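Student: For reference, the sequence and a predicted model appear below.
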Amino acid sequence: MGYIAKMKFAIYARVSTDAQSQYSTEDQIQQCKNFIRSRDGEISAIYKDEAISGSDISRYDYQRLKADAYARKMDAIVVDDLSRIGRDVPEFSSFYREINDLGIILYGVSKGIDTSNQSSKIPLYFKGIMNEVFLDDLKAKIVRGLKGQFLRGYSTGGRIYGYTTKQILDPSGAQDKFSRPKRLGCEILVNQKEAKIVKKIFEMKHSGLGLRSISKVLNGDRIPSPHAGCGTRSGLWSSTTIRGILKNKRYIGAWEYNKTRWIKKRVLGKRRSLPNPKDQWESLTAEKLRIVSDDLFYAVNGNIKSRKRNSVGCKKYLLSGLLKCGECGASMIVINSGRYSCYLCTAARTIGPEACSNKQRISRRAIESAFLTEIQKTLLDKDILARLVDVVNQKLDAQLGSVSIDIGVLQKRRNELESRIEKLLDGLETNTPIHSIQDRLRQREMELEKVKNDLARARNSALSPEKVNVDWVQQKVFRLKSLINDHKNNIHLLRNELRNLIPDRLMVSKETINGAVQHTISGNLNPFSLVAETNQYLSKIAVQGLEPLLHFSIPIEGTWPESFETSKKTG
């Protein structure tokens, strides 16, 4: 009898909030360890995420678990309950399909889920749906609870400049489930020190000062902004912050709730807001929270020009969101349009020299043209293509090497195991003691499942190229070249390709050479992402993010003087 290698089990545990017992992840891990011990397996790794919602698919250890699964570092994944994987049905279904294709078994200890058994699919998907329904129900309860707090005049969360909060405890002395004094809510109070600043902002605007002039005065007086302490430039006022204060009706005692809802993007975990229907809004008049008069508020807002929002937003421009200032690290934004469209540091524009002194305007056409020209030249370079071929082949060898066993050998071993299992099952129908057969039967079934999965992977790998050459890679890169040549008609497609190609943002910096200022754009490229569609294994690796393969630095021609009016006159 040959040696049977022990199955490698990975454990994953998660808790949603800091309020939950920190022992709960350890409790989950212990339950999983007991399960693995009963299967005579070995633990390959333990992954856990603390205080992270199951709807957030960007969880660090969850992504690490997936990456290790794609690298075949485990034979099975064990969780105390399937809800620990997540409460998002599409993500959960995708996760299950992916690990199933890789031949990895998923066990849910508390509910007895075992995906090596086909009959587990129904409770598996049903449990995933129930987990998402639970999350939706929880969200609805939270919204109802916050609505009640709002109508009672209590805070619904979040800090508003000019106000502070005070905890209101239950006068009966009751305690919550954590043995702390029970809190009825947080009363909203006017912060007199900040209220003076709010009044000053309204008065300065009413006297004729512009938004940037107001922020310059406040920064000159070293008054901390509402976002002080939240970042390197958070203590400085900007025109955007001033505009937000001047448009806020809370300062005249008109409070509203549930105007917007937040949704989370599945891939990056970032949130964005969407407006709720007006019939779901709640409003409340709180005269005691008034800071400015109606006359001053509406007089000021009548003079504020409304911003025209393009329905496409920043997606209109090719490099929006990809460029950052080399002096302060802030994003570069596009201002103006047509002939004089240019990129400018957003910190220098909205905050002023206190945040960044780089007021140089760089022609949008010049920087985009220089970048696209360099990209095409770099990616079609013979040496770089040869290097890319080597990287792709290395990844293919690493991912497909573990399933390079001859398909015929695997089929023969599968048939042999199925025959042995049949004999063991026949033994159960005789007078043979059950305990002498159970262990051998369990081991044979586990080995059979592993052989079946390896056989499926071997068959899949046979459909993918074992090696690639320069011509094959060049065809993949040519797709990007075609988009670049016709980028005016395919700007959104090209933007998506560039975001896969560029792992980090691009730096726009300047230096003085012989008394003349020269700007450059530099950054890293990962062209592996362009050819990652070779097969499912390569595409999964690309998602996890490789080290950049290339670095580039391009000089930019077409910078304009700091004053747009001057540049316009000079053409």
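Tutor: Yes, it's here. Keep in mind that this is a model prediction, so the values were computed, not measured.

Student: residue boundaries of the helices in the stretch 1-150 of the chain?
Tutor: 23-38, 60-70, 89-101, 121-151 (DSSP state H, counting those that start in this stretch).

Student: could you dump those helices to CSV with distance to residue 178?
Tutor: All C-beta atoms are positioned from the backbone trio N, CA, C, and that covers glycine. Shown next, in CSV, are those (distance: least, CB to CB, whole Å):
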stretch, distance to residue 178
helix 23-38, 14
helix 60-70, 26
helix 89-101, 30
helix 121-151, 17
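
Student: count of residues packed around residue 157?
Tutor: 8 (other CB atoms under 10 Å).

Student: cool, residue 165 as well?
Tutor: Using other CB under 10 Å: residue 165 sits among 16 other residues.

Student: Please name the nearest non-neighbouring residue to it.
Tutor: residue 186 (4.1 Å; CB to CB, 6 or more residues apart in numbering).

Student: That neighbour: what's it in contact with?
Tutor: 154-155, 165-168 (CB atoms under 8 Å, 6 or more residues apart in numbering).

Student: Doesn't it belong to a strand?
Tutor: Yes - counting by DSSP: H, G, I helix; E, B strand; the rest coil, one finds residue 186 located in a strand.

Student: Lowest-confidence one in the contacts of residue 186?
Tutor: Looking at the contacts of residue 186, model confidence by pLDDT dips furthest at residue 155: 80.

Student: what sits against that one?
Tutor: By CB under 8 Å, 6+ apart, the contact list for residue 155 reads 149, 165, 185-188.

Student: where along the stretch 251-400 of the chain do the strands fall?
Tutor: Secondary structure of the stretch 251-400 of the chain (DSSP state E, counting those that start in this stretch): strands located at 254-257, 260-264, 271-275, 282-285, 323-325, 332-335, 342-345, 361-363.

Student: still on that earlier bit, nearest to residue 491, of the helices of the stretch 1-150 of the chain?
Tutor: Minimum separation from residue 491 across the helices of the stretch 1-150 of the chain (CB to CB) falls at helix 89-101, 28.1 Å.

Student: Show me what counts as buried in that closest one.
Tutor: Buried residues in helix 89-101, defined by neighbour count with 16 or more other CB atoms under 10 Å: 89, 91-92, 95-96, 99-100.

Student: cool, stretch 506-526 as well?
Tutor: 506-508, 510, 519-521, 523-526.

Student: Max pairwise distance over those: which two?
Tutor: 510 and 526 (26.0 Å).

Student: from the buried residues of stretch 506-526, which is closest to residue 390?
Tutor: Comparing the buried residues of stretch 506-526 against residue 390 with CB to CB places residue 526 closest, at 14.9 Å.

Student: so that closest one makes contact with residue 501?
Tutor: Yes - counting by CB atoms under 8 Å, residue 526 does reach residue 501; the two are 6.4 Å apart.

Student: quick check: longest strand of the protein.
Tutor: Ranked by residue count and defined by DSSP state E, the top strand of the chain is strand 516-525.

Student: Quick one: list the elements packing against it.
Tutor: Applying 3 or more CB pairs under 8 Å, 6 or more residues apart in numbering; DSSP states H and E, we find strand 516-525 packed against helix 364-379, strand 506-513, strand 550-556.

Student: ok, back up a step: including distance to residue 390, could the contacts of residue 155 go into JSON lines?
Tutor: Putting the contacts of residue 155 into JSON lines (distance: CB to CB, whole Å) gives the following:
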{"residue": "149", "distance to residue 390": "61"}
{"residue": "165", "distance to residue 390": "60"}
{"residue": "185", "distance to residue 390": "63"}
{"residue": "186", "distance to residue 390": "60"}
{"residue": "187", "distance to residue 390": "66"}
{"residue": "188", "distance to residue 390": "63"}
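
Student: Around residue 291, how many other residues sit close by?
Tutor: 23.

Student: So what does it have for phi and psi?
Tutor: phi -120, psi -40 (degrees, to the nearest 10).

Student: thinking again about what came up before, among the helices of the stretch 1-150 of the chain, which comes closest to residue 448?
Tutor: Of those, the one closest to residue 448 (CB to CB) turns out to be helix 89-101, at 15.9 Å.

Student: chain center to the closest one: distance?
Tutor: 18 Å (CA atoms, centre = their mean, to the nearest Å).

Student: again with stretch 39-59
Tutor: Put simply, stretch 39-59 sits 18 Å off its chain's centre (CA atoms, centre = their mean).

Student: just stretch 516-524 next, same as before
Tutor: Counting by CA atoms, centre = their mean, stretch 516-524 comes out at 29 Å from the chain centroid.

Student: Please apply the same query to stretch 35-45.
Tutor: Distance, stretch centre to chain centre, for stretch 35-45: 32 Å (CA atoms, centre = their mean).

Student: Many thanks, have a good one.
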